[in-house]
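1. Here's a sequence, model it:
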Amino acid sequence: MTDARAVHGLLAEFATPELLLAAARSVSEQGYRRIDAYSPFPVEGLSEALRLPPSRMSLIVLIGGVCGGLGGYFLQYWGMVLSYPLNSGGKPLNSWPAFIPVTFEMTILSAALCAVIGMFALNGLPRPYHAVFNVPAFEAASRSGFFLCIEASDPKFDAQQTRAFLESLSPKSVHNVEA
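-> I've put the predicted structure just below:
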């Protein structure tokens, strides 16, 4: 067998999403934590079965929107009240109802930009290479394959025991993933 340091992990291929979901639950219950699943479409309950932490995306978008809205408002305030005050028709300098459209648009723009940048950062993109691409059967992951990978960096990973455990879950096949 290959040296565990040269192996990225073990990749099991399953025939159906139900088998993948059951296998993910079994792997999590056995105490593996460095696991990932690949599927051509979202599988309901898979993130819970993998025990993934909750996404931080909503917090990133909220902070981006609040900062954008405050930035848009204070940019107008600075221009209309502090830097270049112009009294037109006796209106107050800080006429906040006039600032609402720009503040709203800056909130939406900043939230959207933070969502895109946050999505790329949290997904680790761009990633032109991953070790699972070395497995020829992995081409089916975007069409009809359901895969579960246990990484060699998992503290519980032992090549022979982990392979035997994965084979007990009734996969179509189990592959070594070379690093």
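2. buried set for stretch 160-178?
-> T162, R163, F165, L166, L169, P171, V174, H175, N176, V177 (16 or more other C-beta atoms under 10 Å). Placement of C-beta: from N, CA and C, glycine included.
3. Average pLDDT for stretch 131-147, rounded please.
-> Averaged over stretch 131-147, pLDDT sits at 92.
4. residues of that stretch that come out buried?
-> Buried, per 16+ other C-beta under 10 Å, within stretch 131-147: A131, V132, V135, F138, A141, G145, F146, F147.
5. which ones are touching the last one?
-> Contacts of F147 were listed using C-beta atoms under 8 Å, 6 or more residues apart in numbering, and they are L11, A12, E13, F14, L20, A37, Y38, S39, V132, F138, A141.
6. how far does stretch 137-154 sit from the chain's center?
-> 17 Å (C-alpha atoms, centre = their mean, to the nearest Å).
7. what about the longest strand along the chain, distance to the chain center?
-> Ranked by number of residues, the top strand in the chain under DSSP state E is strand 7-14. Relative to its chain's centre, strand 7-14 lies at 20 Å (C-alpha atoms, centre = their mean).
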